[in-house]
Structures are given as structure tokens and as C-alpha cells.
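> The following block contains a protein sequence and its predicted model.
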Amino acid sequence: MKINILTLFPDMFTPLKTSMLGRGLEDGKWELNLVNFRKFTTDVHHHVDDSPYGGGAGMVLQVMPIKKALDSLPSKGKVIITAPQGATFNQKKAQEWSKEKELTFICGHYEGFDQRVYDLADEAVSIGDYVLTGGELPTMSMIDATVRLIPGILGNTVSPVEESFSHGLLEYPQYTRPEDFEGKKVPEILTSGNHQKIDRWRHKEALKATYLYRPDMLKNYNLNTEEKKMLEE
Ligand code: ADE
């Protein structure tokens, strides 16, 4: 997959070049192309923003440098703009995007976009109901969630199939050594060797965690008779 990012701060994306995503870049499993759209300005001071028509505080990012930066790309794939007013990003979206050949993100900074910038994108996406100073951190979060789903990125020891949200439930609790930590013991069932019982326990714990912490997720989840019983245990 190739990912293009239009930003005023290309240096902010260094974290994507470390750890598992960094290894994936080195191995050619995905490609990152950072484009500073300030380079596409034509005035001497390289302004990318201007005051809003109709007055008011703050500045507005202009459409022209962003349009020119987009047009400079040989291909764009799906174009995504990051903004608090977009649809909320989730695991389903990450799964969908992980199958794309190319993605292009447009990141604003400090200020809003001229409304016509939205027309250059296929979708506007937010990472939650709070406002950040720019689209760089949201873009990095969304890229991390998406790229880790590309086969070969996580290696074969980690399975994105069993994790939170992929089955509409939160993840079940996990334990590793020591078996007893300051009196807090690993649930006995996990050391029983009975895999059928372990699977059932894990599913029950995933259901319980979802019921406790994210009951909203259960609205879209059809509980079967056995699962209803599990929640009552
Ligand atoms: N830019 C500023 N805040 C944002 C948010 N919550 N999501 C996506 N982009 C943003």
C-alpha cells in the first residue's frame, strides 16, 4: 500500500518510521510519501492561509495549495481529510482501508479548511469528539490502525482477528508469568489445559467486559441463548 500525506509538518510523522510500522516500511510492505503543501504556494511569503470571508477570528487554509499538491501526485487512491466534523474512525474503517492500494491524507493545522477543500476528498474522518491543533496525530493514529492490518506487518505471532472490536466485542483479559503477583492469581481455568473451557471462559469475559465498559457495542450484537446465559453467570 502507498500512503501520501499532505501536511505543513512532515517532520511530525517520524513515529511511523519506528517499531513494527517502520520495519514494514523497510521491508517494502507499505510506502510513505510526505508532501509539504506549502511548497505549492506562489506568493513570496508562502502563505497557505488567509482571513475568513465574512470576518471572524482565526485564519482559514486555502484550497489552492492543497489542490496543487494533490494534482502533483501521479495517483491518489482514496483521499481522506481529517477534521473533527468528519465521521468517526473505527476498526471497521481500518479494515476497509487496509485493503486499498493507495490512500492520501490531507492534514490541516491550527485552523479550519476552506469548505471547498472538502470537495477534493472522498471522505472526512475524525478520531473523536475533541479538537486537536492539527490533523497530523489523527492521521498517524488512523495509519497505525490501518497499516498493522496489512498481512505481514505484525508477523505471524500476533493475530488482529482475535482483538477488540473485530468481533464486535472488547478483548478478553490476558495473563502471563508470574502466576501469582502480590496475591493476585491468574484465573485457574487458564492453567487447566482444557482448551474448550478456556475458549468458553474467554468468550464470557469478552462479553462481560463489553457489557460493563461498552454496553453501546452490544446494541449491534445479536446475543445467542448461550451468550445470554454467560452474562447471567
Ligand atoms: N483535527 C483536529 N481535531 C481532529 C479530530 N478530532 N479528528 C480528526 N482531525 C482533527
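Looks like it arrived, so ask away.

> Residues in a beta bridge with the residue lying closest to residue 128 once chain neighbours are set aside, which ones?
Residue nearest to residue 128 in three dimensions, not counting chain neighbours: residue 88, with 6.6 Å by Cβ to Cβ, 6 or more residues apart in numbering. Where you see a C-beta, it was placed from the backbone N, CA and C, and this is true even at glycine. Judged by DSSP bridges, the bridge partners of residue 88 are residue 126.

> tell me the contacts of residue 88?
Counting by Cβ atoms under 8 Å, 6 or more residues apart in numbering, residue 88 makes contact with 125-129.

> that's a helix at residue 82, yeah?
No. Looking at residue 82 with DSSP: H, G, I helix; E, B strand; the rest coil, it is strand, so not inside a helix.

> what's the burial count for it?
Using other Cβ atoms under 10 Å, residue 82 has 27 neighbouring residues.

> That one and residue 137 touch, don't they?
No. With contacts counted by Cβ atoms under 8 Å, residue 82 stays clear of residue 137, the gap being 9.0 Å.

> what's the overlap in contacts for the two?
In contact with both residue 82 and residue 137: residue 127, using Cβ under 8 Å, 6+ apart.

> Which strand or helix spans the residue sitting nearest the centre point of the chain?
Closest to where the C-alpha atoms of the chain average out (Cα atoms, centre = their mean) is residue 142, at 2.4 Å. Residue 142 is located in helix 136-147, with elements delineated by DSSP states H and E.

> now do residue 132
Using DSSP H and E, residue 132 falls outside every helix and strand.

> Can you report how many residues lie near it?
Per other Cβ under 10 Å, the neighbour tally for residue 132 reads 15.

> Leaving out sequence neighbours, find the closest residue to it.
In space, and not counting its chain neighbours, residue 132 is closest to residue 138: 6.5 Å by Cβ to Cβ, 6+ apart.

> Relative to residue 229, how far out is the residue nearest to the centre of the chain?
Applying Cβ to Cβ, to the nearest Å, the value for residue 142 to residue 229 is 38 Å.
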